[in-house]
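Undergrad: How does the following fold in three dimensions:
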Amino acid sequence: MGSKKLRLTDIKLLIATTNQGKAEEIRSLLKGLPLVVASLLELNSRDIYGEDDSSFLVNARGKSLFYGQKWEGLTLGEDSGLEIDFLHGAPGVRSARFSDPGATDENNITKVLKLMEEVPEEERKARFVSCLVLSQGGIILAEITGEVRGVITSVKKGQSGFGYDPIFYYPPLNRTFAELSPEEKNAASHRGQTLKQLKVFLQKHFHWTNT
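TA: Below is the predicted model:
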């Protein structure tokens, strides 16, 4: 891959996010690998990557390479969001800031439900998308994309998860993502899919056979 191999004791992974809910999901799904995992809060950098509105992949790639300049190990950029068919793909890449630049999860959910008022169930289809980009020293090692399809509810249901989880109904389990346990969500979610693939990639790339 053109990257310098690190000793197992030296391998550090930076998750390029300040979203602690997302960081904890990633940590949980990568559990068992010989990695020291940190988030941007631990990097303590004042520089912030400017989000791009073109695609999840462009954002994930940008985050990975931008923050990788300040990190000696692996850097994982992740961008994800909700795409609703009736809203022509919105909130999309603006999922985290859909209601306003300083949006909260509650405000974003309120805006979506307002826009979806009176929309019949058969037109409430949506999907969560996740894009991961792993880099080291300015070199991209892997790019992975995953998605999961569901339906937007008319009211919030459940207390777990974060973001739009309380209004994303997942038909195979007959519950919203916010009604699932962390283990159930990780097994089904868009981010769970991409991180499982990432885990396989890391095992092969570093020749980890017993993790």
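
Undergrad: Just give me how far the longest helix along the chain sits from the chain centre.
TA: For the chain, the longest helix by residue count, based on DSSP state H, is helix 190-205. Distance, stretch centre to chain centre, for helix 190-205: 13 Å (CA atoms, centre = their mean, to the nearest Å).

Undergrad: Residues touching it, excluding its own?
TA: Contact with helix 190-205 is made by 1, 22, 25-26, 29-30, 33, 35, 76, 78, 80, 127-132, 134, 141-142, 144-148, 185-186, 208-209, 211, as judged by CB atoms under 8 Å, 6 or more residues apart in numbering. C-beta coordinates here come from the backbone N, C-alpha and C atoms, glycine included.

Undergrad: could I have that helix exported to PDB, CA atoms only?
TA: Only the C-alpha atoms of helix 190-205 are listed here, as PDB (Å, rounded to 0.1, in the frame of the first residue of the first chain):
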ATOM      1  CA  HIS A 190     -24.700   1.600   8.100                       C
ATOM      2  CA  ARG A 191     -21.700   2.400  10.300                       C
ATOM      3  CA  GLY A 192     -21.700  -1.200  11.600                       C
ATOM      4  CA  GLN A 193     -21.400  -2.500   8.000                       C
ATOM      5  CA  THR A 194     -18.500  -0.200   7.100                       C
ATOM      6  CA  LEU A 195     -16.600  -0.800  10.300                       C
ATOM      7  CA  LYS A 196     -16.900  -4.600   9.900                       C
ATOM      8  CA  GLN A 197     -15.300  -4.200   6.500                       C
ATOM      9  CA  LEU A 198     -12.600  -1.900   8.000                       C
ATOM     10  CA  LYS A 199     -11.800  -4.400  10.700                       C
ATOM     11  CA  VAL A 200     -11.200  -7.100   8.100                       C
ATOM     12  CA  PHE A 201      -9.000  -4.700   6.100                       C
ATOM     13  CA  LEU A 202      -6.900  -3.800   9.200                       C
ATOM     14  CA  GLN A 203      -6.500  -7.500  10.000                       C
ATOM     15  CA  LYS A 204      -5.200  -8.200   6.500                       C
ATOM     16  CA  HIS A 205      -3.100  -5.000   6.200                       C
END
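
Undergrad: Same question for it: list its buried residues.
TA: His190, Arg191, Gly192, Gln193, Thr194, Leu195, Lys196, Leu198, Lys199, Leu202, His205 (16 or more other CB atoms under 10 Å).

Undergrad: Any idea how many residues pack against Ser39?
TA: 20 (other CB atoms under 10 Å).

Undergrad: Might you report the residue contacts of it?
TA: Leu14, Ile15, Thr17, Thr18, Gln20, Ala23.
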